[in-house]
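Visitor: any chance you could fold what I've pasted below:
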Amino acid sequence: MNEQHIDPGMYTGNAQPRNRLYNFGLTMVVMGASFILYYLGLFGTVDGPLTPANMGAALSGLGVTQRHVIMVLLAILIGALSWNWIFNLTSAFIGARMTCKAMGKDGDGVCGAAVKRTRHVSKRSGGQTVVEYVCTHGHRRTEAHFHPVKKGPISNTACLACLAFVLIAVFCV
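Guide: Next comes the predicted model:
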């Protein structure tokens, strides 16, 4: 009889109302931005400065041609395709985003702590420069594990959108 009664409406913590409030606020911001863009004419139903015909006339007045638009979209496409390769190569070159590969004390796992790359002249190797990775736990190794940055959904979406726009501009116009 002394069982604790659990009401299905109860919840532990305050994550649920905060999440709902955050989602509601984000929805209101998106809706407000959509109203502003609608009344500026971006969607083409209301005459405004962002109506496609008005934007085209303004860009044409500035001397922007179809070739300029294709070049800008190609530049964005190339940037979206290659930013992570450049970032990963730079990070590997300077020794960033590396973790220790030393085995743990019990032998069943890897240390995984962040490492710093050091270069020094070794007497064992006959005076040659040796690269050593030292982790925060004191492990010294000649190799470390590199963690590359992978493309996310925003980068992939930008790639596909630019590719689609470039294909449309080249082949359909």
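Visitor: hey, let's count contacts and neighbours off CA atoms from now on
Guide: Will do.
Visitor: is the closest residue to Arg141 other than its chain neighbours in a helix, a strand, or coil?
Guide: In space, Arg141 comes closest to Tyr133 once its chain neighbours are excluded; the distance is 5.3 Å by CA to CA, 6 or more residues apart in numbering. Three-state call for Tyr133 (DSSP: H, G, I helix; E, B strand; the rest coil): strand.
Visitor: how about Tyr38?
Guide: Under three-state DSSP, Tyr38 falls in the helix class.
Visitor: quick one: residues contacting it.
Guide: By CA atoms under 8 Å, 6 or more residues apart in numbering, Tyr38 lies in contact with 45-46.
Visitor: hang on, the residue nearest to Arg141 packs against Glu143?
Guide: Yes: Tyr133 is within contact range of Glu143, at 6.5 Å (criterion: CA atoms under 8 Å).
Visitor: find me the pLDDT at His68, would you?
Guide: Listed pLDDT for His68 reads 91.
Visitor: before we move on, back to that, anything in contact with each of Tyr133 and Glu143?
Guide: Joint contacts of Tyr133 and Glu143 (CA under 8 Å, 6+ apart) are Cys100.
Visitor: the two: who's more crowded?
Guide: A count of neighbours by other CA atoms under 10 Å puts Tyr133 above the other of Tyr133 and Glu143, at 22 against 16.
Visitor: report the central residue of the protein.
Guide: Computing the C-alpha centroid of the chain and ranking residues by CA atoms, centre = their mean puts Gly152 first, at 5.3 Å.
Visitor: what's that one sitting at in phi/psi?
Guide: Phi and psi for Gly152, reported as degrees, to the nearest 10, are phi -110, psi -180.
Visitor: check contacts around it.
Guide: With CA under 8 Å, 6+ apart, Gly152 has no contacts at all.
Visitor: again with Gly41
Guide: Contacts of Gly41 (CA under 8 Å, 6+ apart): 47-51.
Visitor: now for these: which two are most distant?
Guide: Greatest spatial distance in these: Asp47 and Leu50, 8.0 Å, computed using CA to CA.
Visitor: joint contacts of the two?
Guide: 40-41.
Visitor: neighbour-wise, which of the two wins?
Guide: Leu50 (19 against 16).
Visitor: tell me the secondary structure at the more buried one.
Guide: Criterion first, three-state DSSP; result for Leu50: coil.
Visitor: follow-up on the earlier one: per-residue pLDDT of the residue nearest to the centre of the chain, please?
Guide: We have a pLDDT of 87 for Gly152.
Visitor: could you give the bridge partners of the residue nearest to Arg141?
Guide: On the basis of DSSP bridges, Tyr133 is bridged to Arg117, Arg141.
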